[in-house]
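A.B. asks: have a look at this prediction, sequence included:
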Amino acid sequence: MTSEAKVDNVTAVMKVMAVLEGLDIDHESSLADLSQRAMMSKSTAYRFLQTLKNLGYVAQDPDNEKYRLTMKAFVLGSSALGNMDLIKMADPDMAALSTLTREAVHLGTLDIATGEIVYVHKYNSHFNLCMNTRIGDRTPAHTTAMGKALMAYMSEPQLEHVLAKMPLEARTERTLTSVEALREHFAVTRETGLSEDLEEMDDGVCCFATPIFDHTGKAIAALSMSIPTIRYHQDITHEYQRILCESGRNISSNLGWKPKR
């Protein structure tokens, strides 16, 4: 291969990454905005987008013609998730929580494209009566403590975008299905650092969660504990909530987060 061909290949790879990174930042983008962000002509951006669409990494909304990343892109990234700092940093605290409480402990991230929480790491409950989940499971964010914990710390434009696309369907009779009710919950979460799901996803199961922040202060994941209702309304639960929030702050600190003074 000639040196010129090598340069062309490197340039093409860099342009593809610029397109993907542009979509990662904006989550949904028009051809014009994306070409501007990636610093390439519309025709060049269009060619790369069509290739990525054909490969299944990018989808286009038929109504507004904007582009977004697909779950195939997420799956590709999640294959390396076990080596990421997030799980490495979270695992010791999650293990300690599991040992101390014997309840189910979860780590989840929010898929903004679908409005779902994705479970990326977990410790199972030591009890027979417990919540059963698998890594990779997905749940509507508005029904979960983790989803509400993460949405509470979104920017207003991003939150409006997510809520507008999210069908607020009821999973149980206790599910919050109005934007007003969710916003009230978000306000409490921002004040306390804790979000609750009181049988909103599954009857008989309660959950509480706290956000995990990266070095930029962005809420990138949530840490939660799930407890059957029969064990939830006990004095010890308040201590578990305190420890969970402390663990969330510790994980965030290890990821480079510094709390605002």
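C.D. replies: That came in fine, so what should we check first?

A.B. asks: can you tell me which residues contact residue 183?
C.D. replies: The contact partners of residue 183, by CB atoms under 8 Å, 6 or more residues apart in numbering, come to none. The C-beta positions use only the backbone N, C-alpha and C, and glycine is treated the same way.

A.B. asks: report pLDDT for it.
C.D. replies: pLDDT, residue 183: 95.

A.B. asks: what about it, which helix or strand?
C.D. replies: Taking DSSP states H and E as the criterion, residue 183 maps to helix 179-192.

A.B. asks: try residue 9
C.D. replies: helix 3-26.

A.B. asks: and residue 44, by the same measure?
C.D. replies: Per DSSP H and E: helix 42-55 holds residue 44.

A.B. asks: just the mean pLDDT for the helix or strand that that helix is followed by, thanks.
C.D. replies: Remark: after helix 42-55, the chain's next helix or strand is strand 58-60, criterion DSSP H and E. In this model, strand 58-60 has an average pLDDT of 89.

A.B. asks: who's in contact with the helix or strand that strand 58-60 is followed by?
C.D. replies: Counting by DSSP H and E, the next helix or strand C-terminal to strand 58-60 is strand 67-69. The contact list for strand 67-69 (CB under 8 Å, 6+ apart) reads 20, 23-24, 27-31, 34, 49, 53, 57-61, 113.

A.B. asks: and if you look at stretch 14-34?
C.D. replies: Taking CB under 8 Å, 6+ apart as the rule, stretch 14-34 contacts 37-40, 42, 44-46, 48-49, 52, 57-58, 61, 64-69, 73, 112-113, 158, 161.

A.B. asks: may I have the following helix or strand past the helix holding residue 183 as CSV, with CA atoms only?
C.D. replies: Going down the chain from helix 179-192, the next helix or strand is strand 195-198, by DSSP H and E. What follows is strand 195-198 as a C-alpha-only set of coordinates in CSV (Å, rounded to 0.1, in the frame of the first residue of the first chain):
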residue,chain,number,x,y,z
SER,A,195,-34.7,8.6,44.0
GLU,A,196,-37.3,6.0,44.9
ASP,A,197,-39.5,3.6,43.0
LEU,A,198,-42.3,2.5,45.3
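
A.B. asks: which elements pack onto strand 195-198?
C.D. replies: Contacts defined by 3 or more CB pairs under 8 Å, 6 or more residues apart in numbering; DSSP states H and E place strand 195-198 against helix 145-151, strand 205-213.

A.B. asks: contact partners for residue 219?
C.D. replies: Residue 219 touches 149, 150, 152, 153, 154, 211, 212, 213, counting by CB under 8 Å, 6+ apart.

A.B. asks: pLDDT at it, what is it?
C.D. replies: For residue 219, the model assigns a pLDDT of 94.

A.B. asks: ditto for residue 118
C.D. replies: pLDDT, residue 118: 90.

A.B. asks: helix/strand/coil for it?
C.D. replies: strand (DSSP: H, G, I helix; E, B strand; the rest coil).

A.B. asks: isn't there a strand covering residue 113?
C.D. replies: No. Assessed with three-state DSSP, residue 113 is coil; it does not lie in a strand.

A.B. asks: mind giving me the domain split of this structure?
C.D. replies: When the chain is parsed with automatic domain parsing, its domains come out as 3-75, 80-254.

A.B. asks: can you name the element that comes right after the worst-scoring helix or strand of the chain on mean pLDDT?
C.D. replies: Lowest by mean pLDDT, DSSP states H and E among the helices and strands of the chain is helix 71-78, with a mean of 66. Sequence-wise, the next helix or strand downstream of helix 71-78 (DSSP H and E) is helix 85-101.

A.B. asks: show me the contact partners of that next one.
C.D. replies: By CB under 8 Å, 6+ apart, the residues outside helix 85-101 that reach it are 81, 103, 105, 107, 120-124, 126, 212, 220-221, 223, 225, 240, 243-244, 247, 250-251, 254-255.
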